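Colleague: quick one, fold the following:
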Amino acid sequence: MLEPIITQLQRKLYQSTFNDLKELITSNSPRFNLTAAHGSFKPKESAFDDLITVAAHRYNLDFSLLKAVVHAESNYSATAVSSAGAKGLMQLMDGTAQQLGVDDSFDPAQNIDGGARYLRNMLDRYQGSEVLALAAYNAGPGAVDHWQGLPPYSETQVYVPRILELRNQYREWKA
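Modeller: Model prediction:
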């Protein structure tokens with residue numbers, strides 16, 4: 001008896017979340033404006049830009065998007081380990097790394113190649129939607145499928161616009 005009501009509430013929450021996200025992405029809200037939220041943001045070159053370029057080309061990804069993911073996930077630390085156990089530049093979980101054929105998540109070339117391939121898989125899975133692909137990269141495709149869109153997890157709702165803003169900053173920087 002409660003299931004239809006819960007499903008209806010979940011859909012309303014998702015729709016409201018998605019509309020808020022669309023508004024935030026297209027607005028200058030300090031919440032998702034890196035300069036306003038974190039002081040001056042300065043795009044920078046990294047020692048991994050050549051690897052990012054190769055992977056972006058190999059998997060037909062926007063260099064700025066891939067660089068934004070590396071920046072947000074690890075701040076260019078090849079030895080980064082999250083509290084959840086994600087490793088390396090693109091913060092690959094062990095199971096995901098194994099599925100992608102990544103033997104050493106701390107090897108920058110393997111990690112970036114695997115992370116780029118995973119991001120491409122998510123973009124293909126969600127018909128090119130960067131919002132859904134990034135949400136799946138952060139929360140997992142199961143969460144995106146379950147919620148039929150952007151999951152209502154605060155981490156993911158902050159992550160997606162942050163990556164898109166970083167991508168925009170890197171595009172402007174490279175222009």
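
Colleague: and I52, backbone torsions?
Modeller: phi -60, psi -40 (degrees, to the nearest 10).

Colleague: got the contact list for it?
Modeller: Contacts for I52 were tallied using CB atoms under 8 Å, 6 or more residues apart in numbering; they are S46, F63, L66, K67, V70, I112, A116. All C-beta spots, glycine's among them, are computed from the backbone N, C-alpha and C.

Colleague: from those residues, which ones fall inside helices?
Modeller: Among the contacts of I52, the ones falling in helices (DSSP state H) are F63, L66, K67, V70, I112, A116.

Colleague: would JSON lines of the contacts of I52 with neighbour count and distance to V54 be doable?
Modeller: Converted to JSON lines, these look like this (neighbours: other CB atoms under 10 Å; distance: CB to CB, whole Å):
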{"residue": "S46", "neighbour count": "16", "distance to V54": "14"}
{"residue": "F63", "neighbour count": "17", "distance to V54": "10"}
{"residue": "L66", "neighbour count": "24", "distance to V54": "10"}
{"residue": "K67", "neighbour count": "28", "distance to V54": "12"}
{"residue": "V70", "neighbour count": "28", "distance to V54": "13"}
{"residue": "I112", "neighbour count": "27", "distance to V54": "8"}
{"residue": "A116", "neighbour count": "26", "distance to V54": "9"}
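
Colleague: so which of those sits lowest on pLDDT?
Modeller: Here the lowest pLDDT out of those sits on S46, with 92.

Colleague: quick check: closest non-adjacent residue to that one.
Modeller: Y76 (4.6 Å; CB to CB, 6 or more residues apart in numbering).

Colleague: pLDDT score for that neighbour?
Modeller: Confidence score, pLDDT, at Y76: 96.

Colleague: ok, the one 10 residues further on next?
Modeller: At A86, the pLDDT value in this model is 96.

Colleague: ok, it - how many residues close by?
Modeller: By the criterion of other CB atoms under 10 Å, A86 has 18 neighbours.

Colleague: grab the most central residue of the protein for me.
Modeller: L134 (3.7 Å; CA atoms, centre = their mean).

Colleague: ok, that residue touching Q157?
Modeller: No. Assessed by CB atoms under 8 Å, L134 is found out of contact with Q157, at 11.0 Å.

Colleague: three-state assignment of the residue nearest to S46?
Modeller: The three-state assignment at Y76 reads coil, by DSSP: H, G, I helix; E, B strand; the rest coil.

Colleague: what about it, distance to S64?
Modeller: 15 Å (CB to CB, to the nearest Å).

Colleague: ok, the two, which is more surrounded?
Modeller: S64 (21 against 18).

Colleague: separation between E45 and M90?
Modeller: 18 Å.

Colleague: more neighbours: which of those two?
Modeller: M90 (29 against 9).
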